[in-house]
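# I would like the atomic coordinates for the input below:
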Amino acid sequence: VQNSGQAGFSKVILLCRNEGRAKEAIELLKHEASKSGTVFEYIHFDGSDNASSRYAAQALKDRNEKVDCILLNAGGMGGRGVSKLTSAGCTEQMAMNVVGHALLIEEMLRHSTLSAGARIVYATSESAVGMGPFPKPEFPHGEDSVAKHLNSTFTGKPLKWTGPGYMGVSGYGCSKAIGSMYFCHLATLHPELYISSVSPGATSGTAAMKESPGWFVCIAKTLAAVMMHGLQKGTARYVDALTAHDYPQRFPSGAVVMSFDNEKATGKVCNYALEDTKKKKNVTAHFQDKELHAGAYRAVQKHFEASA
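Numbers count the residues shown, from 1 in each chain. Take a look at the predicted model:
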């Protein structure tokens with residue numbers, strides 16, 4: 001919500017799970033942006049529940065206003081429950097980081113809620129290429145592999161919670177990879193819109209680990225002092241993607257924008273959807289595989305139908 005007034009936003013709508021926290025945030029934002037005249041509102045949205053995604057899209061339609069840009073950042077690492085299957089047939093991890101966001105946009109497109117040239121920015125992560133403790137996502141059988149990651153049958157073994165956000169093969173990093181590929185393909189279907197996936201980098205001060213155990217949070221805070229950048233620098237990447245006039249020229253629609261140094265995950269960024277990033281250390285080719293992107297799109301959309 002940085003620079004909302006300077007960017008010319010007359011209204012900012014927060015889509016959040018927790019109404020109390022949303023209202024607290026709105027009061028703070030009203031104070032910080034008091035001179036801009038920007039209006040702040042709240043709509044309930046829980047990405048792990050498809051009915052909530054449809055509700056939020058309908059609520060936006062009922063306002064009879066066009067949405068100029070949207071940041072899809074309502075996911076997270078979660079806790080032990082992220083391995084459970086939802087009514088949509090995917091794990092909670094995949095629901096809150098992929099399916100819920102994708103369905104929200106699909107419904108907004110159906111309702112014609114987005115303005116011409118609207119910007120859609122999906123919050124991705126360097127974990128999508130195997131940063132740190134996150135295993136590198138693998139899709140050896142294309143769409144079928146994506147489908148099995150979504151419903152946790154990829155390994156053929158029962159899911160086991162191995163750490164915050166389930167750091168296993170079909171965990172947080174994999175969910176961000178699938179989400180990014182989904183929006184890569186959506187960009188090809190809607191050239192009238194600007195769509196990209198952007199990582200804030202290794203950022204301290206977020207709520208991404210709020211359901212993680214205390215020991216992990218302590219370690220993360222220690223690492224933050226030397227390996228992470230602050231919240232302002234992380235959110236600045238989103239602000240740039242949503243408001244900078246030259247951003248679509250620097251990172252064309254369909255881009256996957258993450259830290260150039262994916263091991264440190266801070267500093268300058270680059271587009272991982274470009275061919276030359278195949279040569280980078282620790283980078284797989286799934287962000288350049290357009291056929292795989294289409295397969296991810298189809299696999300994710302099947303989970304829309306499961307709960308319709």
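# those strands in this protein, which residues are they?
Remark: strands assigned in the chain by DSSP state E are 11-16, 39-44, 67-72, 114-123, 194-198, 256-259, 269-271.
# The shortest one packs against which elements?
This points to strand 269-271. strand 256-259 (3 or more Cβ pairs under 8 Å, 6 or more residues apart in numbering; DSSP states H and E). Placement of C-beta: from N, CA and C, glycine included.
# for the third one, same thing?
When contacts are defined as 3+ Cβ pairs under 8 Å, 6+ apart, strand 67-72 packs onto helix 100-110, strand 114-123, helix 231-243.
# now that strand and strand 114-123, what's the angle there?
20 degrees (axes from the mean of the first three to the mean of the last three Cα atoms, to 10 degrees).
# any idea of the mean pLDDT for strand 67-72?
In this model, strand 67-72 has a mean pLDDT of 96.
# what's next to that strand, contact-wise?
Residues outside strand 67-72 that contact it (Cβ atoms under 8 Å, 6 or more residues apart in numbering): 9, 60, 101, 104-105, 108, 113-115, 118-123, 238, 242-243.
# shaky segments in the stretch 51-200 of the chain?
Low-confidence regions of the stretch 51-200 of the chain, defined by pLDDT under 70, span residues 162-165.
# Helices of that one, start to end?
Along the stretch 51-200 of the chain, counting by DSSP state H, counting those that start in this stretch, helices occupy 92-94, 100-110, 143-150, 172-189.
# So what's the residue count around the residue nearest to residue 81 when sequence neighbours are not counted?
Closest residue to residue 81 apart from its sequence neighbours, by Cβ to Cβ, 6 or more residues apart in numbering: residue 92 at 5.8 Å. Residue 92: 22 surrounding residues under other Cβ atoms under 10 Å.
# The residue lying closest to residue 196 once chain neighbours are set aside and residue 120: what is the separation?
Distance criterion Cβ to Cβ, 6+ apart; nearest residue to residue 196, sequence neighbours excluded, is residue 255 at 4.4 Å. According to Cβ to Cβ, to the nearest Å, residue 255 and residue 120 sit 12 Å apart.
# what do those two both touch?
With Cβ under 8 Å, 6+ apart, residue 255 and residue 120 have common neighbours residue 196.
# Pass me the low-pLDDT residue ranges in the stretch 201-308 of the chain, would you?
For the stretch 201-308 of the chain (pLDDT under 70), the answer is 203-229, 231, 262-263, 275-284, 306-308.
# Nearest the middle, which residue of this protein would you pick?
Computing the C-alpha centroid of the chain and ranking residues by Cα atoms, centre = their mean puts residue 123 first, at 3.1 Å.
# Apart from its chain neighbours, what residue comes closest to that residue?
Using Cβ to Cβ, 6+ apart and skipping the chain neighbours, the partner closest in space to residue 123 is residue 73 (3.9 Å).
# ok, back up a step: which among the helices and strands packed on strand 67-72 is found nearest to residue 161?
helix 100-110 (20.7 Å; Cβ to Cβ).
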